[in-house]
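Engineer: sequence first, then the predicted structure:
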Amino acid sequence: MIQIRKAVDRGHFDHGWLDTYHTFSFADYYDPEFMGFRALRVINEDRVQPGRGFGTHSHRDMEIVTYVLEGELQHRDSMGTGSIIRPGEVQRMSAGTGVLHSEVNPSRDRSVHLLQIWLLPDRRGLKPEYEQKTFPAEERTERLRLVASHDGSDGSLTIHQDAKILAGTIRDSVQYELQPGRYAWLQVARGSLDLNGQTLNAGDGAAIENEPTLTLRGKDAEVLLFDLN
């Protein structure tokens, strides 16, 4: 079964400095039908204007993954981490017992386009952690490249949840086998594709269950696939 979440049905707020779309309920956007999917709690598609960003704020007990599509995002946190996240790089922060952090677009003339993703951790009270890795375009082209997993396999980021996050740019056709008892969420970041006979466009998402084989056919469609328990 595949349930499509159309891009136009997401929560949308334009704050001037931030143009944001919420796939699931977040902040002032509430939809009881879309509170998350399995351990996946947040997918926010953000466009942040030059020189603007999210000031220092706190989080706890959440796995936060940042995926930059265009531009750059500057990160600082109370663990002493300072970094720039660019396309092809994925960041993971385990908020755990609590962390203060900020994200700012350091550019003077270019906006940054990103997906911010939250997953519930498998346990509370973890020590805060930070991790960032590069996944070159060639590793994500015409395949689904594992970028985050519970055990950090295949050079992926380590997340504290029984979940896998895969990223890919589909130019023809890719298949993914979903194991029995597993669920998936597919998020289309750019382009359009066919998923098991259903069409998805940029910003669309799909909740997937009881579909052992996923066939993705697209033309330069950039996607994130979440394999969830």
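Structural biologist: Received it, and whenever you're ready, just let me know what you need.

Engineer: domain-wise, how is this protein divided?
Structural biologist: Annotated domains of the chain cover 11-134, 137-228 [automatic domain parsing].

Engineer: for the residue lying closest to residue 100 once chain neighbours are set aside, what are its contacts?
Structural biologist: Leaving aside its sequence neighbours, residue 100 sits nearest to residue 78 (CB to CB, 6 or more residues apart in numbering; 4.0 Å). C-beta coordinates here come from the backbone N, C-alpha and C atoms, glycine included. Going by CB atoms under 8 Å, 6 or more residues apart in numbering, residue 78 touches 99-101, 128.

Engineer: weed out the non-buried ones from those.
Structural biologist: 99, 101, 128 (16 or more other CB atoms under 10 Å).

Engineer: mind checking which of the residues you listed are in strands?
Structural biologist: 99, 101 (DSSP state E).

Engineer: show me which of the buried ones among the contacts of residue 78 is closest to residue 189.
Structural biologist: Nearest to residue 189 out of the buried ones among the contacts of residue 78 is residue 101 (CB to CB; 22.9 Å).

Engineer: right, and the closest one touches residue 59 too?
Structural biologist: Yes. With contact defined as CB atoms under 8 Å, residue 101 counts as touching residue 59 (7.3 Å).

Engineer: what's near enough to touch residue 99?
Structural biologist: 58-60, 77-79, 93, 128.

Engineer: dump those residues into CSV; add distance to residue 195 and pLDDT as well.
Structural biologist: Output for the contacts of residue 99, formatted as CSV (distance: CB to CB, whole Å; pLDDT from 0 to 100):
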residue, distance to residue 195, pLDDT
58, 37, 94
59, 32, 93
60, 35, 96
77, 36, 91
78, 40, 94
79, 38, 94
93, 30, 96
128, 36, 96
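
Engineer: neighbour-wise, which of the residues you listed leads?
Structural biologist: residue 93 (23 neighbours; other CB atoms under 10 Å).

Engineer: please identify the helix or strand for that one.
Structural biologist: strand 89-94 (DSSP states H and E).

Engineer: for that strand, name the packing helices and strands.
Structural biologist: strand 63-70, strand 129-134, strand 145-149, strand 157-158 (3 or more CB pairs under 8 Å, 6 or more residues apart in numbering; DSSP states H and E).

Engineer: many thanks, we can stop here.
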